[in-house]
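Asks: model this:
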Amino acid sequence: MNALGNRNRKQWPSAVLLALLCASSHGQAASIQVPAATPLSIQLLQHVPMKTGEPLEGRLLYPVYVENEVAIPAGAILRGSVIQLDSNRNRRIHARLRGDFTPFHVPVVRFDELVRADGTVEAIASDRAKDGVPILRLSPPPGQKKGSFLSREIAQEKQRIKDAAAQFTAPGRGDRLVQFLYTQLPYHPERIEAGTAWTVVLAQPLNLERPRLQDPVAPTASPASKSAESGHTEWRLRAYLQQTISSANKKTGETFQAMVSEPVFNGDRVLVVPQGSLLIGEITQTKPARSFGRQGKLRFRFRELKLPSGFSQPVEGTLAGVDSDKSANLQIDSEGGIAPKSQNRVVLPLVLTFLAGRAFDDDGSQVVHSAVASNGFGIVGRVVGIVASSRNVAAGIGLYGAALAFYDLWLAHGHNVVFVKNTRIEVTTTPRQNQISAPTKPSSTP
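Replies: The predicted structure is shown next:
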């Protein structure tokens, strides 16, 4: 009996140590750390006034992965506030020339709270961000046969008509009408539009509790697929640009990097591209914007994939999608080139010139003709054109608006294609070899 008790007492410290080790390992497995500098794409849920201290609430557009597992799911709610208002000088000048004297601002924001799925709130530390824009998801159009110049122009005009009609038929048309009327006033309140998105980065690591029943292979991760045409494996990689690229200063042959933010699994749910891998891109064509409305152009491809372990793989990658500012009015061609959409530079100046000439019509009411003719300076121009009771004044205001439209479309500097750091992109890649391999090392001579 004593021998048995002694043996149990000798085994007791080992059992306690084993239990403590198990508990320690269980505690480590129950938490996950999102490293600093991780980008978070956050989209504002509703309109808010343009005021310092205004609270913000947004949703996470894309999931955040750590060690190839979901740490923060897409749709998670984040809260922050407007911490500063910077002057938007270019927009102020553009607006004042058209009779709008609103002191336009650019909001600087910071997010400091993450709301978990169970309602608990986690404090986060993020850097400030000011490049907030309403996001438009660009993707290449389906392959189309090249037609004549006239057929392409007709197709573009039909699309413009559809887009204009959508302004009156799509949901939210009442709010859009109010905002349009605001633009005709010499001063109106500012607001941050719903759908505005910022990409903020964590300033400090974030420790989160790992979900208890988490699939080790995240179901939302990107799957690998096979191209129907070539039969080769294709990877749809989602990544963030690591530096700003622009048609204004990039040269052909320059390289840049994008970090893969979501892992890719093959059909057997085996990891083939880890989160944190680097895509190496190369600028293949660039054209800076110039005066007389000449727009910038940018084309690039991806040529190499580097894994976190240091292994590398030559790939052939083309742009399949990119987050872009809606107001930038960009488009992607079928080969992955990016440029501002072409505009009809004839119709608007002609229409405004024709309307300005209505001031000299003798039939009908002169008040009506003056109101129709005095375009281009908002409601102030119309009031002046009517009150002045002068055909020359009304026509002059209308011609001023036509001249501004002509300058914007024909003489002003064109727009460059710019993607700022941490822009989210999607790339379709095909490995040039069957298996990722380590770079070869030079053999040492004995």
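Asks: remind me, longest strand of this structure?
Replies: Across the chain, the strand with the greatest residue count (assigned by DSSP state E) is strand 312-325.
Asks: in it, what's buried?
Replies: Buried residues in strand 312-325, counting neighbours by 16 or more other Cβ atoms under 10 Å, are found at 312-313, 315, 317-325. All C-beta atoms are positioned from the backbone trio N, CA, C, and that covers glycine.
Asks: packing partners for it?
Replies: Using 3 or more Cβ pairs under 8 Å, 6 or more residues apart in numbering; DSSP states H and E, the elements in contact with strand 312-325 are strand 133-138, strand 233-241, strand 278-287, strand 297-306, strand 330-332, strand 424-431.
Asks: Nearest approach to residue 68 belongs to which of those?
Replies: Nearest to residue 68 among those is strand 233-241 (13.2 Å), distances taken as Cβ to Cβ.
Asks: Now do that closest one against strand 278-287: the angle between them, please.
Replies: Going by axes from the mean of the first three to the mean of the last three Cα atoms, to 10 degrees, strand 233-241 is angled at 80 degrees with respect to strand 278-287.
Asks: right, and the helix or strand after strand 233-241?
Replies: Downstream of strand 233-241, the first helix or strand assigned by DSSP states H and E is strand 245-246.
Asks: That following strand - contacts with which helices or strands?
Replies: Contact analysis of strand 245-246 by 3+ Cβ pairs under 8 Å, 6+ apart lists strand 297-306, strand 418-419 as its packing neighbours.
Asks: Quick one: low-confidence residue ranges for the protein.
Replies: Within the chain, the stretches falling below the threshold (pLDDT under 70) are 1-29, 142-157, 159-160, 163-164, 166-168, 211-232, 432-446.
Asks: which residues of it fall in helices?
Replies: 2-29, 89-96, 149-169, 173-183, 347-357, 366-373, 378-387, 391-406 (DSSP state H).
Asks: what's the fifth one in contact with?
Replies: When you say that, I think you mean helix 347-357. Taking Cβ atoms under 8 Å, 6 or more residues apart in numbering as the criterion, the residues outside helix 347-357 that touch it are 372-373, 375-376, 394-395, 397-399, 401-402, 405-406, 409-410.
Asks: just the buried members of these?
Replies: Neighbour counting by 16+ other Cβ under 10 Å classes 372-373, 375-376, 394-395, 397-399, 401-402, 405-406, 409 among the contacts of helix 347-357 as buried.
Asks: just to revisit the earlier point, output the buried residues of strand 312-325 as TSV; include the columns distance to residue 111.
Replies: Output for the buried residues of strand 312-325, formatted as TSV (distance: Cβ to Cβ, whole Å):
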residue	distance to residue 111
312	35
313	36
315	34
317	31
318	33
319	28
320	28
321	25
322	23
323	18
324	22
325	20
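Asks: quick one, domains of this protein?
Replies: If the domains of the chain are taken from automatic domain parsing, they occupy 32-143+192-208, 221-342+414-431, 347-411, with pieces of a single domain joined by a plus sign.
Asks: Throw those into JSON lines and include distance to residue 176, thanks.
Replies: Putting the domains of the chain into JSON lines (distance: least, Cβ to Cβ, whole Å) gives the following:
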{"stretch": "domain 32-143+192-208", "distance to residue 176": "11"}
{"stretch": "domain 221-342+414-431", "distance to residue 176": "13"}
{"stretch": "domain 347-411", "distance to residue 176": "17"}
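Asks: of all the buried ones among the contacts of helix 347-357, which comes closest to residue 101?
Replies: For residue 101, the nearest member of these is residue 376. The distance, counting by Cβ to Cβ, is 15.3 Å.
Asks: The closest one reaches residue 396, doesn't it?
Replies: No. With contacts counted by Cβ atoms under 8 Å, residue 376 stays clear of residue 396, the gap being 9.9 Å.
Asks: From residue 35, how far out is the residue nearest to the spatial centre of the chain?
Replies: Here the mean C-alpha position of the chain is nearest to the C-alpha of residue 323 (Cα atoms, centre = their mean), at a distance of 3.2 Å. Computed with Cβ to Cβ, to the nearest Å, the distance linking residue 323 and residue 35 is 22 Å.
Asks: what do you get for residue 399?
Replies: 59 Å.
Asks: wait, isn't residue 87 in contact with residue 102?
Replies: No. If you go by Cβ under 8 Å, residue 87 and residue 102 don't touch, sitting 11.9 Å apart.
Asks: So between those two, which is more surrounded?
Replies: Remark: of residue 87 and residue 102, residue 102 carries more neighbours, 19 against 11, as counted by other Cβ atoms under 10 Å.
Asks: Now do the contacts for that one.
Replies: Applying Cβ under 8 Å, 6+ apart as the definition, the contact partners of residue 102 turn out to be 92, 95, 187-188, 190.
Asks: measure it to residue 180 for me?
Replies: Counting by Cβ to Cβ, the gap between residue 102 and residue 180 amounts to 14 Å.
Asks: and residue 101, how many neighbours does it have?
Replies: 14.
Asks: Now do the same contact list for residue 330.
Replies: 138, 324, 338-341, 417.
Asks: Using CSV, list the CA coordinates for stretch 51-61.
Replies: Below are the C-alpha coordinates for stretch 51-61, written out as CSV (Å, rounded to 0.1, in the frame of the first residue of the first chain):
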residue,chain,number,x,y,z
LYS,A,51,-17.7,67.5,-39.0
THR,A,52,-14.7,66.9,-36.7
GLY,A,53,-15.6,64.4,-34.0
GLU,A,54,-18.4,62.8,-36.0
PRO,A,55,-18.8,59.1,-35.1
LEU,A,56,-18.4,56.6,-38.0
GLU,A,57,-19.6,53.0,-38.4
GLY,A,58,-18.5,50.8,-41.2
ARG,A,59,-18.3,47.2,-42.3
LEU,A,60,-15.2,45.2,-43.2
LEU,A,61,-15.3,44.6,-46.9
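Asks: Any chance you could list what contacts that stretch?
Replies: The contact list for stretch 51-61, computed with Cβ under 8 Å, 6+ apart, reads 40-46, 48, 72-85, 109, 111, 135, 192, 197-198, 424.
Asks: I'm done for today, thanks for sticking with me.
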